[in-house]
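A.B. asks: sequence first, then the predicted structure:
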Amino acid sequence: MLGIRKQISESKSLTDFGRMPNIKVFSGSSHVDLAQKICDRLGIEQGKVVTKKFSNGECSVEIGESVRGEDVYIVQSGCDEVNDMLMELLIMINACKIASACRVTALIPCFPYARQDKKDKSRAPISAKLVANMLSVAGADHIITMDLHASQIQGFFDIPVDNLYAEPAVIKWIKENIQDWRNSCIVSPDAGGAKRVTSMADRLNVDFALIHKERKRANEVASMVLVGDVKDQVAILLDDMADTCGTFCHAAEKLIEAGASKVYAICTHGIFSGPAITRINESVFEAVVVTNTIPQEERQKQAPKIQVWTSVRQIMI
């Protein structure tokens, strides 16, 4: 949260013809609670906006107050009905821009289509680049996001992008909630997260390991091989997002087989789609810990193992 507040506060140095612009924070329909907590933290009122759908499914947005010459922030996370949330965000950005806002910043905690960041096979689209183009064309002047799936997505934009990191909050949570954290091993569920776990392991001064996996197809893992030793240690699986949780749950079973005493899962974005809730409930995890980049209230009722960082203030709320 402090990272977001710092980004927003820095905008006060911008002037519009010598006048200090006011900050206005609007929320899309994806995560109203987060937007309200940001406003409470900043000590301002949340901007008035009405979002709805026509009977044919089209998004409708009505900005309920003047934004002329103002510094506007729009909070919208890429979750649940991702395409609708993205379209709603684009319309809100454009509505504020053509209403003469001084600057429009899109605050997108969970960036949509971030996993489609490269051309990994013939005729595959780079959808993350397409989303970046759409945001720019809609009129966004600045993007703030959190733990991008691939850091090169920042290069898809011709406008400033601030990618906030959950690592300080993860370290804080581990030290406060895992009693035997000094005898732990940070584990990446795939080779792509090796840099993330080595950085975390270095800061905690503990061991690290990774799991090499082969996929049959998207969201389906064929085989896993553990690289590293977790025997008699607390294994902490670390990733940027958890979707169907197939990888996480298979990895956890592999770690228990390898002799880990306990297994925790920590990720920034808890998407939890499809069979994720059932898999978490049946898993060997002590806890599955996520940030509130995506609302989790309903999922927590269905899966008690899901925990949301509520005491961490340096990243979100």
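C.D. replies: The structure has been received and is ready for your questions.

A.B. asks: quick check: can you list the domain ranges of this protein?
C.D. replies: 2-164, 167-308 (automatic domain parsing).

A.B. asks: JSON lines please, covering the ones you listed and showing mean pLDDT and mean neighbour count.
C.D. replies: Glycine gets a C-beta too; all of them are placed from N, C-alpha and C. Formatted as JSON lines, the domains of the chain follow (pLDDT from 0 to 100; neighbours: other C-beta atoms under 10 Å):
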{"stretch": "domain 2-164", "mean pLDDT": "89", "mean neighbour count": "17"}
{"stretch": "domain 167-308", "mean pLDDT": "91", "mean neighbour count": "19"}
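
A.B. asks: now do the strands in the protein.
C.D. replies: 23-27, 49-53, 59-63, 71-75, 103-108, 142-146, 161-164, 184-188, 207-217, 220-227, 234-242, 262-270, 287-290, 306-308 (DSSP state E).

A.B. asks: ok, now how distant is the residue nearest the centre of the chain from Q296?
C.D. replies: The residue lying closest to the centre of the chain (C-alpha atoms, centre = their mean) is C110, at 3.5 Å. Separation of C110 from Q296 (C-beta to C-beta, to the nearest Å): 12 Å.

A.B. asks: just list whatever residues bridge to A235.
C.D. replies: C185, V263 (DSSP bridges).

A.B. asks: now do the contacts for it.
C.D. replies: 184-185, 187, 209, 252, 255, 260, 262-264 (C-beta atoms under 8 Å, 6 or more residues apart in numbering).

A.B. asks: what do you get for A201?
C.D. replies: Contacts of A201 (C-beta under 8 Å, 6+ apart): 185-186, 207-208.

A.B. asks: need the contact list for the residue nearest to E65 when sequence neighbours are not counted.
C.D. replies: Closest residue in space to E65, ignoring its immediate chain neighbours: K48 at 5.0 Å, by C-beta to C-beta, 6 or more residues apart in numbering. K48 makes contacts with 63-65, as judged by C-beta under 8 Å, 6+ apart.

A.B. asks: can you tell me which of those lies closest to M200?
C.D. replies: I63 (41.0 Å; C-beta to C-beta).

A.B. asks: so the closest one is in contact with G28, correct?
C.D. replies: No - taking C-beta atoms under 8 Å as the definition, I63 is not a contact partner of G28, at 11.8 Å.

A.B. asks: now for the two: what residues contact both?
C.D. replies: With C-beta under 8 Å, 6+ apart, I63 and G28 have common neighbours M92.
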